[in-house]
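Participant: quick one: sequence plus predicted model below, questions after.
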Amino acid sequence: MSAIEKTILVTGGAGFIGSHLLRHLVRTYPHYKLINLDLLTYAGNLENVRDIEDAPNYSFLRADITDLDAMRSIFAVYPVDTVIHLAAESHVDRSIDDPLIFVKTNLLGTATLLQAAKEAWDGNMDGKLFYHVSTDEVYGSLGEDGLFTETSPYDPRSPYSASKAGSDQLVRAWGHTYGLPVVLSNCSNNYGPNQFPEKLIPLFINNIRHRKALPVYGKGENVRDWLYVEDHARAIDVILHEGQLGETYNIGGHNEWKNIDLVRLMCRLVDEKLGRAEGSAEALITYVTDRAGHDMRYAIDASKIERELGWRPSLQFEEGLSRTIDWYLENETWLDHVTSGAYQEYYDKMYGQ
Ligand code: NAD
Ligand code: TYD
């Protein structure tokens, strides 16, 4: 057996994107040691990584990224040379309801992790990397035209996007001030298996399954650019290995959908798969009060990562969506587990009984 080539600390690896990233890295790089660091908040679920938990190159640590002593001791015990930082509070609606936990986790947590990495790597930054995973929401909201590029000015407008924007700037500051080797990526909306059913796609699949109302905010005219989560994981892999230090890469699917069109497509696909009458899911569509400060349109110009690193999305949206719906319908136990208890309280608070 050959030596460990890298020791990678992945934060937020029990969440949606982190679990797909870990699965991809654990299977692709048997000589990398992958440590999943996660606090297991409501969004973290070890069922998401069950299929890799026995892999010899994988381990899990439960810890809070805002706890400096805990972060220091992890760097003291493990020879971490790479951090891929995904741990965050990630849902816009929750950030409107309870903004301070977003400030704590996304800002203080990122600064704490940066500081622990800097202290551990001080004097020898060779071969080290702090990779920060972020969102296109830091760029604000687009009108009908235009795309976000890596040089678009930051204009975050929700507590979630503001806390992510601040975390990006903290990463750059540790890079400029202390010479920490950093790289960042900002990705558009992800979809796929294992996404917590508070986000549009899994929430609506679950509601259709239970014949519950589909709460479309406002007129349903807001636009999002959707990318299959495994394509995001592949992009992170490419940036990890080929990205230039200090650079930022935008990742997106060239796949813009108006919410209401996406919801109608989902309705048709789920009805077909459940053998229900055409139109039965659409009848559940309910227009509700718009989200406060609702960003109108996000769309990514991904030409830099395509040109410089050769990454491209692999999956057509209808295929990705169909696969995603199949996964949720085949994994009802997963859905039932994550939608019990605290989820029900959240749901009642957001959408009423
Ligand atoms: P998620 O909410 O599914 O997972 C977040 C994970 O972070 C959870 O496992 C949670 O337990 C963990 N976590 C939260 N607070 C923590 C703390 N204090 N210490 C340790 N772990 C903690 O999120 P996701 O959708 O997988 O997003 C992952 C990252 O990607 C986030 O940084 C998010 O901003 C970014 N991102 C997400 C999307 C998207 O569409 N979901 C798009 C672009 C970027
Ligand atoms: P979401 O999945 O929360 O992602 P984000 O807000 O980070 O883009 O929402 C995607 C879009 O769907 C967004 O425009 C808000 C809208 N939406 C609804 O219309 N109803 C809902 O219940 C949810 C959760 C979202």
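Facilitator: Perfect, I can see it now. Ligands and ions are numbered 1, 2, ... in the order given.
Participant: distance from stretch 170-185 to the middle of the chain?
Facilitator: Distance, stretch centre to chain centre, for stretch 170-185: 21 Å (Cα atoms, centre = their mean, to the nearest Å).
Participant: residue ranges with poor pLDDT in the stretch 251-353 of the chain?
Facilitator: Residue ranges of the stretch 251-353 of the chain with pLDDT under 70: 353.
Participant: taking it, what residue is nearest to ligand 1?
Facilitator: residue 251 (8.0 Å; Cβ to the nearest ligand atom). Glycine gets a C-beta too; all of them are placed from N, C-alpha and C.
Participant: hey, which helix or strand in this protein has the poorest pLDDT?
Facilitator: helix 342-351 (a mean of 85; mean pLDDT, DSSP states H and E).
Participant: just how off-centre is that one within its chain?
Facilitator: With Cα atoms, centre = their mean, you get 21 Å for helix 342-351.
Participant: I'd guessed the residue of the stretch 251-353 of the chain closest to ligand 1 sits against residue 188; true?
Facilitator: Yes - counting by Cβ atoms under 8 Å, residue 188 is a contact partner of residue 251 at 6.9 Å.
Participant: of the two, which one has the most company?
Facilitator: residue 251 (28 against 24; other Cβ atoms under 10 Å).
Participant: what is the burial count for the closest residue to the more buried one other than its chain neighbours?
Facilitator: In space, and not counting its chain neighbours, residue 251 is closest to residue 187: 4.1 Å by Cβ to Cβ, 6 or more residues apart in numbering. By other Cβ under 10 Å, 25 other residues sit near residue 187.
Participant: repeat that for the one 5 residues further on.
Facilitator: Neighbourhood size, residue 192 [other Cβ under 10 Å]: 24.
Participant: give the contact list for it.
Facilitator: Residues in contact with residue 192 (Cβ atoms under 8 Å, 6 or more residues apart in numbering) are 16, 20, 228, 229, 230, 320, 323, 324, 327.
Participant: now do 7 Å
Facilitator: Applying Cβ atoms under 7 Å, 6 or more residues apart in numbering to residue 192 gives the contacts 20, 228, 229, 230, 324.
Participant: now render these as TSV, adding secondary structure, neighbour count and distance to ligand 1.
Facilitator: Below are the contacts of residue 192 laid out as TSV (DSSP: H, G, I helix; E, B strand; the rest coil; neighbours: other Cβ atoms under 10 Å; distance: Cβ to the nearest ligand atom, whole Å):
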residue	secondary structure	neighbour count	distance to ligand 1
20	helix	26	8
228	strand	25	11
229	helix	22	8
230	helix	21	13
324	helix	22	13
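Participant: mean confidence for stretch 102-112?
Facilitator: Stretch 102-112 shows a mean pLDDT of 98.
Participant: that older thread, the residue of the stretch 251-353 of the chain closest to ligand 1 touches residue 302, doesn't it?
Facilitator: Yes - the criterion here is Cβ atoms under 7 Å, and residue 251 meets it with residue 302 at 5.9 Å.
Participant: the chain against ligand 1: which residues are in contact?
Facilitator: Within the chain, the positions adjacent to ligand 1 are 11-12, 14-18, 38-41, 43-44, 64-66, 86-88, 90, 105, 109, 133-135, 164, 187, 189-190, 196 by Cβ under 6 Å from any ligand atom.
Participant: give the residues shared as contacts by residue 251 and residue 188.
Facilitator: Joint contacts of residue 251 and residue 188 (Cβ under 7 Å, 6+ apart) are 227, 300.
Participant: how far off centre is stretch 103-121?
Facilitator: Worked out by Cα atoms, centre = their mean, stretch 103-121 lies 19 Å from the chain centre.
Participant: the lengthiest helix in the chain and ligand 2 in contact?
Facilitator: Secondary structure of the chain per DSSP state H: the longest helix is helix 159-178. No - Helix 159-178 does not reach ligand 2 (Cβ under 6 Å from any ligand atom); its nearest approach is 7.2 Å.
Participant: same for that helix, what does it pack against?
Facilitator: helix 92-97, helix 99-102, helix 109-121, strand 129-135, strand 182-187 (3 or more Cβ pairs under 7 Å, 6 or more residues apart in numbering; DSSP states H and E).
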